Structure formats: structure tokens, C-alpha cells
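Asks: pasting the sequence and the predicted coordinates here, then a few questions.
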Amino acid sequence: METLFKNKRFVNVLIILFFSLSLFLLGLFLNGIKQYSFIGRDIPALTTISVTGESEVFAKPDVVELSFSVSKDAKTVGEAQKNSTEKINEIISYLKDMKVDDADIKTTDYSVYPKYEYQRAVSCLGMMNGYCPDGKQILVGYTVNQTVDIKVRKIDDAGKILVAIGDKGATNVSGLNFTVDKKKEVEADARNKAIQDAQKKADVLAKNLGVKLTRVINFSEGQAPTPYYGMGGGMMKTASFAAPEAAPAPSIPVGENKFTSNVTITYEIQ
């Protein structure tokens, strides 16, 4: 009987300890939630201003880009290729004589395709019931076309080269484009000037608002600078050379290219 009483007493102690431990753990849990809810509340919200900067930089082109093609017809593929190759090689040899570097001469297309002509029936006279057989496509030869892109870094020679490649058998010239060789440097200059413009605006705005600029927290740049062609610059439409007659070299004004940059800077203020 005494043993039973002791066992019952022991069980009661265990139950009390269990509930006490449960209450203790629950208290720790609730206190942790309470402390967690205050995390970050001592960090003040950032106060910011955003400004935009713009700039324009002009640069005189120092490279002329253009394309030319040679197209030759013949009864066989081999003959057409031979005729085309002779003309292309003659033009490339001339370009090298004009100090155009090998790296600035690149073939962008070489194609061979058949040439057909439509032929009607020899005669439809005497056909019964007005019936006349259809004509048909007849293979008459092949056409070989090769297109070459070149860069002329001595702009003063551009007009002379245009005339010469036409005189030497180019069937068309297209894509006359004036560019700046060190384009990345010009773009970087435009970006730096746009940043300076934004910084000046931010200084004036901060002074007017009676606040202090502390640090840059965001920077973004708009679309990449795009060239604008001034007087004489730009693209030339395709020019076809129907006859190999020599012509005086044209005057080709190059004008200036305009590069623009737009940036947005966000400052933290106090």
C-alpha cells in the first residue's frame, strides 16, 4: 500500500514538471515572436532624390564602310565563276594598292544559281480546236554573285575608290556609311558628360531643398548612344554601274556623327 502511494506521488510530480516545462517553452516561443517583430525597426527608411543627365558629343567620321557586288552570267557554272573571280581579284588587288588592309576586306555572300528563260511554243497555227501547247522554262546558263564589304580608313580616297570599283566591274555599290573607329571611347565620353550633368542638377536640387547628398544608391543608363549624321554623312542608296566608263571622283562630305547619352542617378539624402 505504501509502495502504491509512493508511485502515485512520483507520477504527480512528473505531471507537474511536464506542465511547468511546457509553460516555460511556450513563454520562450512567445517572447521570440515578440522580439522578431521588432527586427529592423531601428533602421530608418531611405529618403532619396533622382535626377537625369543628358549629353551630346560630336565626332568626325574617320572610316567609310561600303559594299560592292560582282555578278557574272555564263553558260556553265565554271565559266561564270571564272569571270566573277577575275573581276573580284582585280578589284581586291586595286584596294590593296590603295592601302586597304586585308582585315578590312570581307566576303559576305557568294551564290550560284541557274538562269532560266520562258519560251513559248514555236507555232500555234494549224492547231485543231484552237489548242496551243504551253511554253516552258529553258535553262540558258548560270549566274555567280559575290558581295564584299570593305572599310576605307583614308576617307579622302573614298570617292576615288567608288569610281574605280565600278570601272573595274562591280555591278552595284551600296551601304556607304561613315563611322568613327574609336566608337567606344566617344560613347564613354558622352556617358561621362551625362553623369556630370546629372551631378550638377543633383547639387542644385539638394541646395534648393536644404538637404545633403550622402551617397549614390542607384544608376541606370538609357538606350545606347546612337549616331546622328550631320551634313554630308549617312547612308548612300545602292548605286548600279551599267557601263564601265570612267568618271570623275565624286566629292563626299562626311559631316559629323552625333552621339547622345541619357543617365539616371538616385541619391540618398539627409
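Replies: Here it is on my side, so go on.
Asks: hey, which helix or strand in the protein has the poorest pLDDT?
Replies: None of the helices or strands of the chain scores lower by mean pLDDT, DSSP states H and E than strand 239-240, at a mean of 44.
Asks: now Tyr94: which helix or strand?
Replies: Under the criterion of DSSP states H and E, Tyr94 resides in helix 77-97.
Asks: helices and strands around that helix, which ones?
Replies: For helix 77-97, the packing partners by 3 or more C-beta pairs under 8 Å, 6 or more residues apart in numbering; DSSP states H and E come out as strand 63-74, strand 105-119, strand 136-152, helix 158-167. (Glycine included, C-beta is placed from N, CA and C.)
Asks: related to what we said a few turns ago, show the subsequent helix or strand relative to the least confident helix or strand of the chain.
Replies: As assigned by DSSP H and E, the chain's next helix or strand after strand 239-240 is strand 257-269.
Asks: direction included, what does that following strand pair up with?
Replies: When pairs are called by DSSP bridges, strand 257-269 turns out to pair with strand 48-59 (antiparallel), strand 213-221 (antiparallel), strand 228-229 (antiparallel).
Asks: quick check: domain ranges of the protein?
Replies: 44-61+181-241+254-270, 63-122+132-179 (automatic domain parsing).
Asks: let me know which of those domains is the nearest to Leu28.
Replies: Judged by C-beta to C-beta, the one of the domains of the chain that comes nearest to Leu28 is domain 44-61+181-241+254-270, at 30.4 Å.
Asks: just checking, Gln137 touches Tyr116?
Replies: Yes. With contact defined as C-beta atoms under 8 Å, Gln137 reaches Tyr116; the gap is 4.4 Å.
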